[in-house]
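K.L.:
Have a look at this prediction, sequence included:
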Number of protein chains: 2
Amino acid sequence: MVTETSLSPIATFHSARRGRYEVAHQGVLALGEGTIVVEPGHNFEQGLQGLKGFDRLWLVYLFHLNQTEDAPPVMVKPPRFEHKVGVFATRSPHRPNPIGITPARLLHVAGRMLTVAQADLLDQTPIVDIKPYLPFCDAFPEAAVGWGGLAPTPYRLLWSEGARERVAEIASAHDLRLDHYAEVQLQLDPTDTSRKRIRATEQGFALDFREWSLHYEVRGEAQEVWIEQVTERPEFPGPSSLK
Amino acid sequence: MVTETSLSPIATFHSARRGRYEVAHQGVLALGEGTIVVEPGHNFEQGLQGLKGFDRLWLVYLFHLNQTEDAPPVMVKPPRFEHKVGVFATRSPHRPNPIGITPARLLHVAGRMLTVAQADLLDQTPIVDIKPYLPFCDAFPEAAVGWGGLAPTPYRLLWSEGARERVAEIASAHDLRLDHYAEVQLQLDPTDTSRKRIRATEQGFALDFREWSLHYEVRGEAQEVWIEQVTERPEFPGPSSLK
């Protein structure tokens, strides 16, 4: 029996999303585009020939930030679920083998580069395989799901002009994308104050992120989150509060 | 950047299909059941908790018979297609990293064992990950496909009583599954005599397999292959003709 197999990345993913807290939990929830650049020197650009015309492709990738764990837990608590379940019944990134799959939308092919959308990957993610998405053998829209696998309905984030400007300033000055963070945190369950960084306020809710707070209202019927303003947190304990 | 990552199998696949020529080209075309047994000693059986209730799961596996190639070709000719295309635009098992994915049907979970159907895997295939199939992020039935990704319509194989009995005798005496072989070879394009082992005969067609020939008729409108008899090939050149 095969005991161990080594994989070498065939490509690297590039996007503006650099921290784990900036990446959606599933590809279909991911906003923004990314690019995939295949490694030089192996004729991999030829290997991309024939991908044009496919709407989607499978990216098989490595959870490269999670490779230091010797034995990740076999039971995990998924987001928005109250119990632990077995890791093989989840899409948790902390797995015995740090392998992920995501069916990204293919937008463009040019030379060694693919442009894709709806990829829930961090910048610099190593990609070990690319395969065409074939609906006749990959798509099972009626497949039943167990414990908590049902589709969430994401909230749409709306920004006041002031909040949008402040977020852009912080991005320039501190290289921190509060907007990406807010998308990931508030797309699902924005009113769940049992979560670490969400709290109820007099006007609505606040999401804390290092020395800043995003203040927002939730419009449940419209599935909208209205982000009114960004304030500083005088009580901010230090740069170690975000992991 | 990550240069190399080692994977260890978390489970092994078991089925009656032992040779490459016995395995369907896609999971949805695969007949018969298989079992997955997770490795002992890592609490992986706990990792399966929560899988009950899912109709399908992703098996991420290794093409373990294809790991000796140093540099597999980047251009490949898919079955039933006349041109070469890039390997990343195909599901070819000969890939830079020998990784496959298949969304098998989950039938049963018990202890360290899963029973599945529609898995296009060989006996002894090492499995490196199991993930639940989530239609909301995995199923895109309308996704466009390029060059040759359209669903084939498989033929149904029907056997005469005599052919069925002869195949059972050969299975007992030689441990060779002519029925598995015939399924894989004749499910698609059974009249294509440009393929190596198919030839036209006076009565219809013959599929050669080592020292035997399966004689069959093709009923195109009904999408049926009628396998009439199994004969010996007096001209059989020796045991090396099958790869």
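P.N.:
Sure thing, it's come through. Since the model is a prediction, treat every value here as computed from it, not as a measurement.
K.L.:
Which residue, other than its chain neighbours, is closest to A:Gln223?
P.N.:
Spatial nearest neighbour of A:Gln223, chain neighbours left out: A:Tyr155 (5.0 Å); criterion: Cβ to Cβ, 6 or more residues apart in numbering or on different chains. Where you see a C-beta, it was placed from the backbone N, CA and C, and this is true even at glycine.
K.L.:
wait, isn't the one you found in contact with A:Val218?
P.N.:
Yes: with contact defined as Cβ atoms under 8 Å, A:Tyr155 and A:Val218 form a contacting pair (7.4 Å).
K.L.:
Now do the contacts for A:Val76.
P.N.:
A:Val76 sits next to A:84-87, A:90, A:92, A:94 when contact means Cβ atoms under 8 Å, 6 or more residues apart in numbering or on different chains.
K.L.:
Quick check: what element follows the longest strand along chain A along the chain?
P.N.:
Determined from DSSP state E, the single longest strand within chain A is strand A:99-110. Once the chain leaves strand A:99-110, the next helix or strand it forms, by DSSP states H and E, is strand A:113-117.
K.L.:
Indicate each strand paired with that following strand and its parallel or antiparallel sense.
P.N.:
Taking DSSP bridges as the criterion, strand A:113-117 forms sheet pairs with strand A:33-38 (antiparallel), strand A:99-110 (antiparallel).
K.L.:
export those strands to CSV and tack on mean neighbour count and mean pLDDT?
P.N.:
Converted to CSV, the strands paired with strand A:113-117 look like this (neighbours: other Cβ atoms under 10 Å in any protein chain shown; pLDDT from 0 to 100):
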stretch, mean neighbour count, mean pLDDT
strand A:33-38, 21, 95
strand A:99-110, 20, 96
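K.L.:
Of all those, which one is nearest B:Ala200?
P.N.:
When the strands paired with strand A:113-117 are compared by Cβ to Cβ, strand A:99-110 sits nearest B:Ala200, at 40.9 Å.
K.L.:
my read is A:Val128 is in a strand, agree?
P.N.:
Yes: counting by DSSP: H, G, I helix; E, B strand; the rest coil, A:Val128 falls inside a strand.
K.L.:
need the contact list for it.
P.N.:
Contacts of A:Val128 by Cβ under 8 Å, 6+ apart are A:7-10, A:60-62, A:99, B:5, B:97, B:99.
K.L.:
and the residue lying closest to A:Ile130 once chain neighbours are set aside, helix, strand or coil?
P.N.:
What sits nearest to A:Ile130 in space, not counting adjacent residues and going by Cβ to Cβ, 6+ apart, is B:Phe88, at 4.1 Å. Put simply, B:Phe88 is helix when judged by three-state DSSP.
K.L.:
Wait, A:Val167 touches A:Asp179, no?
P.N.:
Yes: taking contacts as Cβ under 8 Å, A:Val167 lies within contact range of A:Asp179: 5.2 Å.
K.L.:
Need the residues touching each of the two.
P.N.:
Joint contacts of A:Val167 and A:Asp179 (Cβ under 8 Å, 6+ apart) are A:Trp159.
K.L.:
What's the first helix or strand after the lengthiest helix in chain A?
P.N.:
Counting residues, the longest helix in chain A under DSSP state H turns out to be helix A:161-174. Using DSSP H and E, the helix or strand that follows helix A:161-174 in sequence is helix A:178-186.
K.L.:
who does that following helix touch, helix- and strand-wise?
P.N.:
strand A:156-159, helix A:161-174, strand A:205-209, strand A:212-219, strand A:224-232 (3 or more Cβ pairs under 8 Å, 6 or more residues apart in numbering or on different chains; DSSP states H and E).
K.L.:
distance between the fourth one and the chain's centre?
P.N.:
When you say that, I think you mean strand A:212-219. Offset of strand A:212-219 from its chain centre (Cα atoms, centre = their mean, to the nearest Å): 21 Å.
K.L.:
for the second one, same thing?
P.N.:
Once both centres are worked out by Cα atoms, centre = their mean, helix A:161-174 turns out to sit 21 Å from its chain's centre.
K.L.:
Give the buried residues for that helix.
P.N.:
By neighbour count on 16 or more other Cβ atoms under 10 Å in any protein chain shown, the buried set for helix A:161-174 is A:163, A:166-167, A:170.
K.L.:
Let me know the angle separating it from strand A:224-232.
P.N.:
If you take axes from the mean of the first three to the mean of the last three Cα atoms, to 10 degrees, helix A:161-174 sits at 50 degrees to strand A:224-232.
K.L.:
Alpha carbons only: can I get helix A:161-174 in CSV?
P.N.:
Output in CSV follows, covering the C-alpha atoms of helix A:161-174 (Å, rounded to 0.1, in the frame of the first residue of the first chain):
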residue,chain,number,x,y,z
GLU,A,161,-20.2,56.9,2.1
GLY,A,162,-18.3,57.8,5.3
ALA,A,163,-17.7,54.2,6.2
ARG,A,164,-16.5,53.4,2.7
GLU,A,165,-14.0,56.2,2.8
ARG,A,166,-12.7,55.4,6.2
VAL,A,167,-12.2,51.8,5.2
ALA,A,168,-10.2,52.9,2.1
GLU,A,169,-8.0,55.1,4.3
ILE,A,170,-7.3,52.2,6.7
ALA,A,171,-6.5,50.0,3.8
SER,A,172,-3.9,52.5,2.5
ALA,A,173,-2.4,53.3,5.9
HIS,A,174,-2.4,49.8,7.5
